[in-house]
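Asks: sequence plus predicted model, see below.
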2 protein chains.
Amino acid sequence: MGMSNSLMHILAGYASIVDSYLWERIRGDPGYIYKAATHLLRAGGKRVRPAVTLATASMLGGPTAASVAVPLAGAVEAIHNFSLIHDDIMDRDDYRRGVPTVHRVWGEPAAILAGDLLFAYAFMMVGDSRARGLRRAEEAYGVLAEASVKLSEGQAYDMMYEETWDVGVGDYLNMVYLKTGALIEASAKLGALAAGADSSVVSAMGEYGRMVGISFQIRDDILGVYGDPEKTGKPVYNDLRRGKKTILLIYTVEKTGRERVEKLLAEERYEELASLIRETGALGYAEDLARRYMERAIAILDGLDDIKDEGARGFLRSLARFVVEREK
Amino acid sequence: MGMSNSLMHILAGYASIVDSYLWERIRGDPGYIYKAATHLLRAGGKRVRPAVTLATASMLGGPTAASVAVPLAGAVEAIHNFSLIHDDIMDRDDYRRGVPTVHRVWGEPAAILAGDLLFAYAFMMVGDSRARGLRRAEEAYGVLAEASVKLSEGQAYDMMYEETWDVGVGDYLNMVYLKTGALIEASAKLGALAAGADSSVVSAMGEYGRMVGISFQIRDDILGVYGDPEKTGKPVYNDLRRGKKTILLIYTVEKTGRERVEKLLAEERYEELASLIRETGALGYAEDLARRYMERAIAILDGLDDIKDEGARGFLRSLARFVVEREK
């Protein structure tokens, strides 16, 4: 509990650094499109991705590296928010972070455009980092571009899987890596690049991010069924209602066959389905899987030498734990 | 006539170079999203932007520079197509390049995502150019990012202006620069960067692109009212029907007051409105304006020293002329 409070405190500190940068940076005309683009940013969010970037930079390079990394942290948050805005349109979600989604407030055309604008800004931000002394800007641009491609591919799989039951755990993990893991992987790599780390360390931190990202998404799936809507800010049984192929559903279908699950979904008997997911062991399986990814992430951190900021490493450890224990 | 045929021939040559690269590069899974992303590319298009990149590189740096520039040419075409896919959703257009638009075939969610995917690929392509020897990749990324921001801002103004009559010629020219000029500006700059040109030459070529872009859009506005739908591939009076604030309409309203124009629009008397636009001199004004931008573009080319490929300069001159004379 105390650890979690201290984690939230540090997370808030990182958030305020990246937010100051973002508020200053994302400005322009016409005003309405900038308001739409920053709507979800203003509504809150945990800023997990920028925190990974900043903490990684600090851990490997100290305060100078962290300062170079601020625009990169802004870039990953911009990409994340761009994808939220577009995903909300695609998924027809009305609420996010406790506020109406961008397309609900400004309409779909402006929401599409607001996402595009943020996407473009993310790449402008790499240029800012370069101006602050980033030596490997070319690599940073490449990392961001690759993560963006994967993000789109992951969302494409996610949408495709809504229409089929022919999805195994392997398909799921690939989808989740693309949709969530790749951007957190990029967040960590960018922090390492800001610190001028060796490419082996950049790769290792990429794997840390990947592991955190996948366990993050598994936890998201769990919260999507068992989370408190008051805390998550999302409607109860949202994922079930939409036929999202979460790890819980995939595992349950493997155990019981699809007929039983399909029947409960068709008849909107979500509470019974939630119980069934528990009974088949799917919930335990998912929790276990998330924990294993978390442990792997922590092992990577433990294996690093030449640490400039032990506090930052401690934060990244706690963050990996938080991700699989969080209630929102 | 002969010149125009030869121009189309050279344009087709550039198109085939960039297309080979694009077909090879934009591949992946899941298949449907890649099909959606490349749908409009496969449907044709003039490839004006990549031709500007390739010809500029060749003009200033010869064949080696042109080879380095191929992925950059791909990048501007990818950005262009991304914006077409998203604009078509926003504008609710059903046809483009003579085929149904992406959202008509795959639905809006997949179309949004297909655009995002292309956008991300554009930045991957700068990395390809770097692998082919581009020295100033960081600048190239920056140029592409800045153009992308402007593209979104321009579209935001365009949408905003659909709802108001309070738009002057200055507002229009700013909007058109952002929406069309900025990407052609970037296309020319990227070609100059591939050739390793001095920054003064990069700027000069940027201005060439800006001038060509603005005159291109003015011509587009003219074709939107007076063009042959068989040639343009767009429904007749499309812009009028949607209340687009084209240079023709802005000028006509300045001459006749908005009541008369609004009445004709409300009563869908488009043919009469087209006559009115001619009578007020708006058509002549727009044609004149486009021509002046074109002449400025050509003057910039004439002022360049140290040309490695006179044929490419001749092509860029003809292209500037073609843009204001084209029928599609």
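Replies: Done, it's in.

Asks: how far away is the closest residue to residue A:328 other than its chain neighbours from residue A:98?
Replies: Leaving aside its sequence neighbours, residue A:328 sits nearest to residue A:231 (Cβ to Cβ, 6 or more residues apart in numbering or on different chains; 4.1 Å). In short, each C-beta sits where N, CA and C put it, glycine included. Residue A:231 sits 10 Å away from residue A:98, going by Cβ to Cβ, to the nearest Å.

Asks: ok, now residue A:85?
Replies: From residue A:85 to residue A:98 the distance is 16 Å (Cβ to Cβ).

Asks: same deal with residue A:65?
Replies: When distance is defined by Cβ to Cβ, residue A:65 is 34 Å away from residue A:98.

Asks: how about the nearest residue to residue A:273 once chain neighbours are set aside, what does it touch?
Replies: Distance criterion Cβ to Cβ, 6+ apart; nearest residue to residue A:273, sequence neighbours excluded, is residue A:264 at 4.3 Å. Residues near residue A:264 by Cβ atoms under 8 Å, 6 or more residues apart in numbering or on different chains: A:270, A:272, A:273, A:276.

Asks: residue A:102 now?
Replies: A:36, A:39, A:40, A:85, A:88, A:89, A:110, A:111, A:114, A:115.

Asks: do residue A:218 as well
Replies: A:176, A:247, A:286, A:289, A:290, A:293, A:324.

Asks: chain B: which of these is nearest?
Replies: Lowest distance from chain B to the contacts of residue A:218 (Cβ to the nearest Cβ) belongs to residue A:176, with 14.6 Å.

Asks: look up how far residue A:221 lies from the closest one.
Replies: In terms of Cβ to Cβ, residue A:176 sits 9 Å off from residue A:221.

Asks: let me see the ranges of the strands in the stretch 151-300 of chain A.
Replies: Here the stretch 151-300 of chain A has no strands by DSSP state E, counting those that start in this stretch.

Asks: spell out which parts of it neighbour chain B.
Replies: Residues of the stretch 151-300 of chain A found near chain B (Cβ under 8 Å from any Cβ of the partner chain) are A:151, A:152, A:153, A:155, A:156, A:157, A:159, A:160.

Asks: how far does the longest helix seen in chain A sit from the chain's center?
Replies: Using DSSP state H to define each element, chain A has its longest helix at helix A:48-91. Averaging C-alpha positions (Cα atoms, centre = their mean, to the nearest Å) puts helix A:48-91 10 Å from its chain's average.

Asks: quick one: which of the contacts of residue A:264 sit in helices?
Replies: A:270, A:272, A:273, A:276.

Asks: my guess is residue A:149 contacts residue B:120. True?
Replies: Yes. Contact criterion Cβ atoms under 8 Å: residue A:149 and residue B:120 qualify, at 4.4 Å.

Asks: measure residue A:18 to residue B:224 for me?
Replies: From residue A:18 to residue B:224 the distance is 43 Å (Cβ to Cβ).

Asks: what ranges does the stretch 151-300 of chain A have for its helices?
Replies: A:169-176, A:182-194, A:199-226, A:229-232, A:238-242, A:247-256, A:258-266, A:270-279, A:282-302 (DSSP state H, counting those that start in this stretch).

Asks: what residues are up against residue A:251?
Replies: Applying Cβ under 8 Å, 6+ apart, the residues contacting residue A:251 are A:169, A:277, A:280, A:281, A:282, A:285, A:286.

Asks: can you report how many residues neighbour the closest residue to residue A:229 other than its chain neighbours?
Replies: The shortest distance from residue A:229 to any residue other than its chain neighbours is 4.7 Å, reached at residue A:236 (Cβ to Cβ, 6+ apart). Neighbourhood size, residue A:236 [other Cβ atoms under 10 Å in any protein chain shown]: 17.

Asks: phi, psi for residue A:236 please.
Replies: Main-chain dihedrals, residue A:236, degrees, to the nearest 10: phi -70, psi 140.

Asks: got it, and residue A:327?
Replies: Per degrees, to the nearest 10, the backbone of residue A:327 is at phi -110, psi -10.

Asks: grab the most central residue of chain A for me.
Replies: By Cα atoms, centre = their mean, chain A has its centre lying nearest to residue A:180, at 5.0 Å.

Asks: shouldn't that residue be in contact with residue A:214?
Replies: Yes. Under the criterion of Cβ under 8 Å, residue A:180 makes contact with residue A:214 at 6.9 Å.

Asks: overlap in contacts of these two?
Replies: With the criterion set as Cβ under 8 Å, 6+ apart, the contacts of residue A:180 and residue A:214 do not overlap.

Asks: rewinding a little: of residue A:149 and residue B:120, who's got more company?
Replies: residue B:120 (25 against 21).

Asks: okay, and the closest residue to the more buried one other than its chain neighbours sits in which element?
Replies: Nearest non-adjacent residue to residue B:120, counting by Cβ to Cβ, 6+ apart: residue A:148, 3.5 Å away. Using DSSP states H and E, the element containing residue A:148 is helix A:137-161.

Asks: packing partners for that helix?
Replies: For helix A:137-161, the packing partners by 3 or more Cβ pairs under 8 Å, 6 or more residues apart in numbering or on different chains; DSSP states H and E come out as helix A:48-91, helix A:108-131, helix A:169-176, helix A:182-194, helix B:31-42, helix B:108-131, helix B:137-162.
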